[in-house]
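Trainee: Mind looking at a prediction? Sequence and model below.
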Amino acid sequence: MPGSQRSEQYKMMGGVLKCVMGCLLFVLNTEALVYRVHDRFTQLGDVLQVAIPLMTYGKTVWLDDVSGQKLFLKTALATGLETHLLKSVIKSKRPCDVCSISNRSCVCYDSFPSGHTSFAFSGPSFERYRYGFKASIPGYLLAALVGYSRVYGKYHYWRDVIAGASLAELNSYVGFRLSGILNDKSY
């Protein structure tokens, strides 16, 4: 790719990242005001659950990996849909009354599996199969932080977090197996 095109791509990605981070900060501050969430660590988990998959998708765009972009969107969407389907069927009670903690109306019987964790792990689990384990280590560490923030904030039990992470891992694996490009590095 010629230098000027790469320079334009840098500018575009920088603009997109600034926009995304601005939106995330707006949501973070709005949640703190409206829902009275005072715990910054739990808020960090809220932001990272979106930022991690966005960074993974940004990586596929950056590498001009069109088939990777499509596959990531499919596996992330499947993970999200399956997570919410399981929540609605299992109806597991949260560790404590979240409604009284945040002083808002919410569903207290949707603990299993953790949606924050499943979405956060959708990024690094995809990267592991697409770009190798070393490339996925930072994402896994950040996603683990999201999972811990959910337990720390008493929104989930450890089993919910482990199930959410496992669901993302399973969807990435199955997505790559079905597409026939497991460990194919020809992007």
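Mentor: Structure's in. What do you need?

Trainee: what are the ranges of the helices in this protein?
Mentor: In the chain, the helices defined using DSSP state H lie at 3-34, 40-62, 66-90, 98-102, 115-131, 133-152, 158-179.

Trainee: Of the ones you listed, which is nearest Cys108?
Mentor: helix 98-102 (5.6 Å; CB to CB). C-beta here means a position set from N, CA and C on the backbone, and glycine is covered the same way.

Trainee: quick one: average confidence on that closest one?
Mentor: The predicted model assigns helix 98-102 a mean pLDDT of 53.

Trainee: What of stretch 68-79?
Mentor: 95.

Trainee: ditto for stretch 40-48
Mentor: 90.

Trainee: Okay, buried residues for it please.
Mentor: 42-48 (16 or more other CB atoms under 10 Å).

Trainee: before we move on, back to that, can you lay out the helices of the chain as CSV showing distance to Cys108?
Mentor: As requested, the helices of the chain are exported to CSV (distance: least, CB to CB, whole Å):
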stretch, distance to Cys108
helix 3-34, 18
helix 40-62, 16
helix 66-90, 12
helix 98-102, 6
helix 115-131, 14
helix 133-152, 15
helix 158-179, 13
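
Trainee: out of those, deepest packed?
Mentor: Highest mean neighbour count among the helices of the chain (mean count of other CB atoms under 10 Å): helix 115-131, with a mean of 27.

Trainee: helices or strands next to it in the packing?
Mentor: Applying 3 or more CB pairs under 8 Å, 6 or more residues apart in numbering; DSSP states H and E, one finds that helix 115-131 contacts helix 40-62, helix 66-90, helix 133-152, helix 158-179.

Trainee: want to throw those helices into CSV with distance to Ser125?
Mentor: Formatted as CSV, those follow (distance: least, CB to CB, whole Å):
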stretch, distance to Ser125
helix 40-62, 9
helix 66-90, 8
helix 133-152, 7
helix 158-179, 4
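
Trainee: out of those, nearest to Gly115?
Mentor: helix 66-90 (4.9 Å).

Trainee: Next up, the contacts around Arg94.
Mentor: 108-111, 154-156 (CB atoms under 8 Å, 6 or more residues apart in numbering).

Trainee: Of all the helices and strands packed on helix 115-131, which one is nearest Glu127?
Mentor: Here helix 133-152 is closest among the helices and strands packed on helix 115-131 (CB to CB), at 4.0 Å.

Trainee: Could you measure from the closest residue to Gly115 other than its chain neighbours over to Val66?
Mentor: Excluding the flanking residues, the one nearest Gly115 by CB to CB, 6 or more residues apart in numbering is Thr83, at 4.9 Å. Going from Thr83 to Val66 by CB to CB, to the nearest Å gives 26 Å.
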